[in-house]
Every structure is written in structure tokens, then in C-alpha cells.
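Q: coords below, sequence missing:
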């Protein structure tokens, strides 16, 4: 590589592959000018495990290279690399020596570049540094190279801090408050006390609701109109936190206070109109329109609109946390509206729940949520079952995908609280005979509507019967599924070395993470109503010396849910299976690090010593 023309040709090659595609061409040409070409015949060893790092890194120009773990007297295949993949970069993640032996699987041409030159590029290009970090672990807060500034990175107070704050005193009259709203044109004003603390956030909806309810003397204090304390957030709340809080509030507005509580001094008032410029669509409006939908056709359109919004903003793993909450809020709102359009009063005498992915707040696609009904012991099951079947049919009419075959008949999911408590006790006390494996999604039960005290009774019952023996069996069941080894070309390399044309994302990666999370959630005495991410955080608290295992597992979960969401929504599927052709090289690189983190998590779970420390 001694001529400028060759340097440009090498740079053109590098630009086709990450992380070099995020590096300026001039820097690539400079790197190429100091590079060399190496050739290896099939079965030659390029690197040896444990040897000191070479002075160069390697990029495969053509051919294949296999990575082998030869520690402990065994030889195990760890990865298969092809065109554009790199060797020798584990040094940049702190590895003191070569992590694996690298053997040519065919005739191989390598480009070699000085390691110190590549290190300089990592300092100057954050994306390249992030990509290399994923080689030895799971990259935190991964974003594509062209990711835009996302709403979860924007502070709500920065968005509205300079907007004029309109307030009225809590002793002002309704007439005075209404006049101020008219003259200012504000879509919300804060009602404050003498210490400038927010008593409420008043919107036109509140005034209209007061009038529709019969109204009264407009000269009485505004406090006569107020029904609840305002929703509040702290100054450092992200825009996305504000959106979700706003959607959950009665009036669709919230207050920013110094400490995020009603006791703090008021700083600003936020409405849906304030956050609208950040988004192409208005997520608050979507959720509010669901609550006003007149029929199932309206709900279907809003459901599709919500998923399109999620896909638009599902730009990386950092967007995952708030978007799964948004999708969950959409599912809950749709089910509540279906119930309201049917017979709300009858439904409120029961407790409606989600189980499975929706119960864990981990469903982004149009996969149908899995409802469960808990009845009072004196309720007639017949009408409740009819209503349950109606909700299932209505979910299909609302655009959800046909649900997969469930382990129990639909009628099983409607039962009295006493029956549910008996079932859960039996599953815990005799998990093998009672076929616990069928009921695992029911241990993700989350109340969403109605008499939540019934759900709480089940939570209490399960908490009382879970013991170490049950955790032992549940942990053993987690080992049924292992993640793939790697990707090669457009195939998945399974742990056995076999090639598969389909990446079974849910079965091979998501299920092990969810199952292990469930085990450690129960170990932390938080058995129901928790997400897998919450359960992994609890595991970190239980076993701080193994914190990195659970942190990497949580980041892997984010990566997998992100891929499942963006592919599933775009393809109109549940995202449980997908061809590797839908995954970019960056995606595969990131997922491979996740596969290794799942293996470490399963190895820790398989070692029963942790149970004895509880």
C-alpha cells in the first residue's frame, strides 16, 4: 500500500464497514497509507490465545476467520468472522493479551493497521469507540452512527423554562381565573398559594367539566373547582418523562417544581402543546384520543398510529425504556376503552390484568396483550367469561395480531380470587406435577383496571409460599434455551455449530433473560407486576459482587427488545423471529456481545450457590 491510489481503494473498502463508515474519508486515507496487506492460507493461525498483543490490528478483506477458546485444556468455537470484521481490538477494552486464537477458515487477506493510529481514531470518533466497546461486552446507551438528538435526551424544563408562567391565587374566583385564561391565551394556568406552591394546574377542560356538571356561582373561589393535586415533575425530568406523566394526569398538564413534588416551589407549567414540536405526532394526544374513541374502528386507527409513532422514535436502545412504557399505556388505554364501550360498571367489580410480555411492560409490537380476569368470590363467572371473550374479539378488531396458542383454554383466565390463589399456591408448592412451565407468564401478572385489591391478594399469597426449593426448580428451568453462537453471512450459527436461516430472537435470547429475571425478582420478594429490567436491578442489589453480569444482561434485554420492536412493527409481526438479512452489521455486532452476556447470566444462575446466600 505505497501509492495514493491504493490508499484510496483501501479507504473505499473500509467505508463499507462499521465503525469505519462513521470516520471521515481523510482520516481513513491516512490510516490506509500506514497499513499493510497480509495473506494466510486456510488453517493458518493468525493469532494465538494468550499471546501479547501485536503492534497492529487486522481487518478481514476477504475470507473467513474462526475464533477459538482454548483455555482449560478444551477447544471451543466462539465466533466466525468474515469480510469487514476486525481482529485484535479487545486490547482497547482492557484485555491484557489476545482473548482467542484466530484461525483462517479459508485463504484470507487481511489489512493491518498500526494499533496506535486506530486508538487515535477511537479518541476522536465516539461511535467508533462505542462499536469497539461492544466487542468485549454489551454497549450501554448504544445509538446508530446517524442517530439524531432524541426526546429522552432533552430536559423538559429547558423546553418550557422561558415560557411565560401564568398563575392565579387559590383565593381568586373562578371568573377571574377564566378571564386570565381567555386574555392570555394560555392552555393551562397554575393555581398557587402564598408560598408559590402549585395547588392545581387548571385547563379549559376543567372549566368545561365544571360547567357540564352543573356549574354554579362563578364568583366562588377557584378551589371549589379543583378536584386533585397536580401532576408534578422535577426540573431534571426528560421530555419523555413529562409526556408519560402528562398522559396519566387528569387534565393533560403538569407542573415543574423545584423538588418534583407539590410541596416544591412552582417553576413552570407544561401542556401537550409545549412538547408537540419535539415529536412528529403528539403521544399525549394519542393516549387521550383512545379514551374518547367512539368505536373499535377508531381504536384500531389509534393503535396503528401509536405503533407508527413508536417506530419513528425507536432509534436506539436509549429510546427503549420510555417507548415500552408508552406502548404499554396504549395497550392499557385500549383495553379500558373496550371495557367502557361494553359495560364499565360490571367490569369494575373485577380486576383486569395483563400477563406475559404486556404484564412486564415489554411489548412494543402489535402482539395482542394477554388479559386475565380476577373475580370476587361471589361473582357469577358466566357473564364475566362472556365479557372476557368479547374483549379478546375486540382486541383483534383493534388491529392486534392473532394471539399465539396459549397453554390453557381462554376460560381458564377468568376465575375467582380464591381460585387464583389456590392455583398459584399449587404451582409454587408442587411445580413439576402442576406443570409450572405452562404458567410462567402468569407470574408476570400486572393489574391494569378495576378492583386492584384482588390482584394484591394474589401478590400476598405468592410472596408467602415462594421458598428456596421453588427458586431452585425455577432456576433450573431457565437453562432450557441457549443463545446462538454468532452470525455468519446471512445465517445464525447455533451453539451446536449448525446454521439456521432464521434468528429466533424470542426463544433463544429473550426467553432466557425473562426467565432468569423472574427468578431473581422472586428471590428479591417482588413476585408480580415487575418488568425484567426492574428484576435485574433487584438482582444487582442482591449480589453486588456480580453487578456487571446483571448490568450487561439488562443492556442485552434493551438491545433485543429494540430489535424486536423495530423489526416487528415494520414487518407487521410480533418480532419473535426474523431473518438475519434484516439486521445490519452493527446490529449483529451488538447482538453478539449480548449473546455472551446471556451465557454469563445463565452460568451464574446454574450455580446454585447464590440461593444459599439469600
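A: Nice, I can see it. Everything numeric in this text was worked out from a predicted model, so none of it was measured. Numbering: from 1, shown residues only.

Q: for the closest residue to residue 56 other than its chain neighbours, helix, strand, or coil?
A: For residue 56, the nearest residue in space outside its immediate sequence neighbours is residue 112; the separation is 4.2 Å by Cβ to Cβ, 6 or more residues apart in numbering. All C-beta atoms are positioned from the backbone trio N, CA, C, and that covers glycine. Under the three-state scheme (DSSP: H, G, I helix; E, B strand; the rest coil), residue 112 adopts strand.

Q: ditto for the one 4 residues further on
A: Three-state call for residue 116 (three-state DSSP): helix.

Q: and residue 407, what pLDDT?
A: Note on residue 407: pLDDT of 87.

Q: my error: substitute residue 261 in the last question.
A: At residue 261, the model reports a pLDDT of 89.

Q: and the chain, split by domain according to the record?
A: By the assignment in automatic domain parsing, the chain contains the domains 4-133, 154-278, 283-443, 466-614.

Q: worst average pLDDT in the ones you listed?
A: Of all these, the segment with the smallest mean pLDDT is domain 154-278, scoring a mean of 82.

Q: how far away from the center of its chain is it?
A: Averaged C-alpha coordinates place domain 154-278 at 31 Å from its chain's average position (Cα atoms, centre = their mean, to the nearest Å).

Q: ok, which stretches of the stretch 351-500 of the chain are helices?
A: Using DSSP state H, counting those that start in this stretch, the helices found in the stretch 351-500 of the chain span residues 356-359, 381-397, 417-429, 436-439, 452-465, 468-477.

Q: which of those helices is buried the deepest?
A: When these are scored by mean count of other Cβ atoms under 10 Å, the highest mean neighbour count falls to helix 356-359 (a mean of 26).

Q: who touches that one?
A: Residues from elsewhere that reach helix 356-359 (Cβ atoms under 8 Å, 6 or more residues apart in numbering): 328, 331, 353, 363, 367, 369-370, 441, 444-446, 529.

Q: ok, residue 5 - how many residues close by?
A: Residue 5 sits with 9 neighbouring residues when counted by other Cβ atoms under 10 Å.

Q: now, the most widely separated pair of the contacts of helix 356-359?
A: Across the contacts of helix 356-359, the longest distance by Cβ to Cβ is 19.6 Å; it joins 367 and 529.

Q: the helices of the stretch 351-500 of the chain: which one's closest to residue 240?
A: Using Cβ to Cβ as the measure, helix 356-359 is the one of the helices of the stretch 351-500 of the chain that comes nearest residue 240, at 20.1 Å.

Q: ok now the closest one, how far from the chain's centre?
A: The chain centroid and the centroid of helix 356-359 are separated by 12 Å, computed with Cα atoms, centre = their mean.

Q: what of stretch 123-134?
A: Going by Cα atoms, centre = their mean, the spacing between the C-alpha centre of stretch 123-134 and its chain's C-alpha centre is 23 Å.

Q: list the buried residues in that stretch.
A: Within stretch 123-134, the residues that count as buried by 16 or more other Cβ atoms under 10 Å are 125, 127-134.

Q: so who does residue 546 touch?
A: Taking Cβ under 8 Å, 6+ apart as the criterion, residue 546 is in contact with residue 604.

Q: does residue 552 count as helix, strand or coil?
A: Residue 552 - assigned by three-state DSSP - is helix.

Q: quick check: nearest residue in space to it, chain neighbours excluded?
A: Counting by Cβ to Cβ, 6+ apart, residue 597 is the residue found nearest to residue 552 once chain neighbours are left out, at 3.9 Å.

Q: the one you found contacts residue 554, correct?
A: No: under the criterion of Cβ atoms under 8 Å, residue 597 makes no contact with residue 554, lying 9.2 Å away.

Q: follow-up on the earlier one: using a markdown table, lay out the helices of the stretch 351-500 of the chain together with distance to residue 264.
A: Output for those, formatted as a markdown table (distance: least, Cβ to Cβ, whole Å):
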| stretch | distance to residue 264 |
| --- | --- |
| helix 356-359 | 34 |
| helix 381-397 | 41 |
| helix 417-429 | 40 |
| helix 436-439 | 45 |
| helix 452-465 | 29 |
| helix 468-477 | 42 |
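
Q: re the thing from before, looking at the buried residues of stretch 123-134, which one is closest to residue 97?
A: Set against residue 97, the nearest of the buried residues of stretch 123-134 by Cβ to Cβ is residue 132 (17.1 Å).

Q: so what does the host helix or strand of residue 324 touch, helix or strand wise?
A: Here residue 324 is covered by helix 320-348, with elements defined by DSSP states H and E. Using 3 or more Cβ pairs under 8 Å, 6 or more residues apart in numbering; DSSP states H and E as the contact definition, the elements that helix 320-348 packs against are helix 239-248, helix 283-290, helix 296-313, strand 351-355, helix 381-397, strand 446-450, helix 547-571.

Q: need the next SSE after the longest one, C-terminal direction.
A: On the C-terminal side of helix 547-571, the closest following helix or strand by DSSP H and E is helix 585-606.
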